[in-house]
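Give the three-dimensional model of this entry:
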Amino acid sequence: MTWEPGQGHYPHQASIDAYGNFGFRFADMSHRGSLLCLPSGMFAWEVERPEDVTLASLDRVLAHEELDVLLVGLGSDIAAIDPAIRGAFREKGIIIEAVSTGSAVRTYNVLLSEDRAVAAALIAVEQAR
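As a prediction, this is how the structure comes out:
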């Protein structure tokens, strides 16, 4: 099964098997485009560049009550996160880490395997690092 941007929801949280080629593989499926990985499932995410990461683009994440960590994969490089975003997550007691997409995927998989309350907001990249 393949998702296209703007479509798709997988109703379970899953580890990421692969990333690159502007998409992700998980749960024996392929998703093209950016991705939100939440305790309530995997969702297509309409973000393409670090500057597209806003409070509005993360509202689905903020709606979760039982989260400890949000990993934001900002593509191939690291970029700054708006202080207002950091403040909103801090108010809810959620740690937010902004790193490259590859680092976010690896850390997300480890925390998920440890049964931690983790979420990831991942911008799709062309090549895996």
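
Could you use CA atoms for every contact and neighbour count after this?
Noted.

which residues in this protein form helices?
59-62, 83-91, 101-113 (DSSP state H).

can you put the ones you listed in TSV and add distance to residue 51?
Below are the helices of the chain laid out as TSV (distance: least, Cα to Cα, whole Å):
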stretch	distance to residue 51
helix 59-62	16
helix 83-91	12
helix 101-113	15
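
for these, which one ends up most surrounded?
Comparing the helices of the chain by mean neighbour count (mean count of other Cα atoms under 10 Å), helix 101-113 ranks first with a mean of 19.

which helices and strands sit right next to it?
In terms of contacts (3 or more Cα pairs under 8 Å, 6 or more residues apart in numbering; DSSP states H and E), helix 101-113 is packed against strand 69-73, strand 118-122.

Okay, angle between it and strand 69-73 too, please.
On the basis of axes from the mean of the first three to the mean of the last three Cα atoms, to 10 degrees, helix 101-113 is oriented at 150 degrees to strand 69-73.

any residues touching helix 101-113, and which ones?
Helix 101-113 is contacted by residues 15-16, 19, 71-77, 98, 117-120, 122-125, 128-129 when judged by Cα atoms under 8 Å, 6 or more residues apart in numbering.
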